[in-house]
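Novice: Sequence first, then the predicted structure:
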Amino acid sequence: MTEALTRIYVDADACPVKDEVYKVAERHHLPVTVVAGGFIRVPQHPLIERVAAGSGMDAADDWIAERVKPGDIVVTADVPLASRCVKAGAEVLAPNGKPFSEQSIGMTLAVRNLMTDLRSTGEITGGPRAFSPRDRSTFLSALDSAIRRIARRRTDQN
């Protein structure tokens with residue numbers, strides 16, 4: 001199966017959809033690498049690998065960005081990591097199912113940087129909205145679509 005060339009990387013420290021990733025990956029027989037700064041509990045399954053990248057600043061992000069390649073999928077809410085992975089040719093999804101793409105990442109980074117600057121000056125900008133069941137459903141659909149899109153591209157290339 002050509003899909004086996006795809007690996008799903010999960011930026012796991014604050015990821016609310018890890019269980020969903022495991023279920024979809026098992027259904028498609030795809031390996032998952034769950035990356036966190038330190039120890040994180042994952043199910044005992046031959047397709048799931050756990051990586052403790054270290055406690056350094058952005059250690060988990062760097063670990064993922066150094067290994068991701070075209071045809072892989074990255075699940076992260078971290079916009080700078082998403083940018084690095086999009087540039088590497090990976091499909092990148094936020095936990096709410098929002099895809100990061102070459103077309104959207106520049107504006108997404110700009111907004112993130114603006115909000116960071118506003119917060120640093122004392123502006124109260126609020127945080128992200130609460131994660132909802134609809135977000136979970138949207139994520140599942142987006143992950144499944146990304147897997148099929150990658151498989152289709154590989155089939156077209158062969």
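Specialist: It's in. Because the structure is a prediction, the values reported are computed rather than measured.
Novice: name the element Arg50 belongs to?
Specialist: Following DSSP states H and E, one finds Arg50 within strand 48-52.
Novice: Identify each buried residue in that strand, please.
Specialist: Ile48, Arg50, Val51 (16 or more other Cβ atoms under 10 Å). Any C-beta I mention is one placed from the backbone N, CA and C, and that applies to glycine too.
Novice: dump the residue contacts of the last one.
Specialist: In other words, Val51. With contact set as Cβ atoms under 8 Å, 6 or more residues apart in numbering, Val51 has these partners: Thr33, Val34, Val35, Ala36, Ala60, Trp63.
Novice: Could you rerun that using 7 Å?
Specialist: Thr33, Val34, Val35, Trp63 (Cβ atoms under 7 Å, 6 or more residues apart in numbering).
Novice: Please narrow those residues to those residing in strands.
Specialist: Counted as lying in strands by DSSP state E, out of the contacts of Val51, are Thr33, Val34, Val35.
Novice: Of these, select the buried ones using a ChimeraX command.
Specialist: Remark: buried members of the ones in strands among the contacts of Val51, expressed as a ChimeraX selection using 16+ other Cβ under 10 Å:
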select :33,34,35
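Novice: Quick check, central residue of this protein?
Specialist: Nearest to the mean C-alpha position of the chain, counting by Cα atoms, centre = their mean, stands Val75 at 1.3 Å.
Novice: how many neighbours does the closest residue to it other than its chain neighbours have?
Specialist: What sits nearest to Val75 in space, not counting adjacent residues and going by Cβ to Cβ, 6 or more residues apart in numbering, is Val10, at 4.8 Å. Number of residues near Val10 (other Cβ atoms under 10 Å) recorded here: 28.
Novice: For the host helix or strand of Val10, enumerate the helices and strands it packs against.
Specialist: Using DSSP H and E, Val10 sits within strand 8-11. Strand 8-11 sits against helix 18-28, strand 32-36, helix 59-67, strand 73-75, with contacts defined as 3 or more Cβ pairs under 7 Å, 6 or more residues apart in numbering; DSSP states H and E.
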